[in-house]
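**Q** output the structure for:
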Amino acid sequence: MGNVLVVTEHMKGEFQDISLEMLGRARQLANGGSCSALVFGGMKDRASELGAADRVLCVGGNDDFNPEAFASAALEVIQAESPDLVLVGSTSMGMDIAPVLGVSLDLPVISYCSGIDNSGDGYEFTSQLYGGKMDVKSSASKAVAMVLAGSFSADEGEIG
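**A** This next block holds a predicted model:
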């Protein structure tokens, strides 16, 4: 049981599938804990689409991605919420902000995650390396995880 925060992504007024995939898995991982979604820009009116989230945390600003601004805003929210696990897409946006979050929060950044499970007092991660030819397992009690698109079902993150 832990608190999980998902950094969502959107484009042209639509949440990206990776956001829904991560949110569905976060709901399962929270297992009685809190499952939160962080939304940037003008998507506040679409927050109800993130049905798996207990709470949707909206950060205002421009919808255009700015790595420094998004990382700074995400860091502020994460420091206030103090989740055990932060899920970020393994996308160009995620690759820009996840390292900043990891360094700033003194947390490991687990890349290329294709699997995440609860394990004891933390999480076990499966990462795909060498173009998916090798799976590597790692574990951490707290982390920033970069999730590969298609690793989990997007249906679990939508409205029921």
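**Q** hey, let's count contacts and neighbours off CA atoms from now on
**A** OK.
**Q** isn't Ser90 up against Ser151?
**A** No. Shown here, Ser90 and Ser151 do not form a contact pair, counting by Cα atoms under 8 Å, at 10.7 Å.
**Q** the more surrounded of those two?
**A** Ser90 (19 against 16; other Cα atoms under 10 Å).
**Q** residues making contact with stretch 77-87?
**A** With contact meaning Cα atoms under 8 Å, 6 or more residues apart in numbering, stretch 77-87 is reached by 2-7, 22, 26, 105, 141-147.
**Q** in this protein, which spans are strands?
**A** 4-7, 10-11, 14-15, 35-40, 55-59, 85-89, 109-119, 122-129, 134-140, 143-147 (DSSP state E).
**Q** hang on, the earlier thing: now, which of the contacts of stretch 77-87 sits nearest Gly42?
**A** Relative to Gly42, the closest of these is Val7; by Cα to Cα it sits at 14.7 Å.
**Q** list the residues that contact that closest one.
**A** By Cα under 8 Å, 6+ apart, the neighbours of Val7 are Ser19, Ala37, Leu38, Val39, Ala74, Val86, Leu87, Val88, Gly89.
**Q** my guess is the third one contacts Cys58. True?
**A** Yes. The pair formed by Leu38 and Cys58 meets the contact definition of Cα under 8 Å, at 6.0 Å.
**Q** out of these two, which sits in the more crowded spot?
**A** Leu38 (21 against 17).
**Q** which residue packs closest to Met119, ignoring adjacent ones?
**A** That one is not Met; residue 119 is Ser. Ser139 (8.0 Å; Cα to Cα, 6 or more residues apart in numbering).
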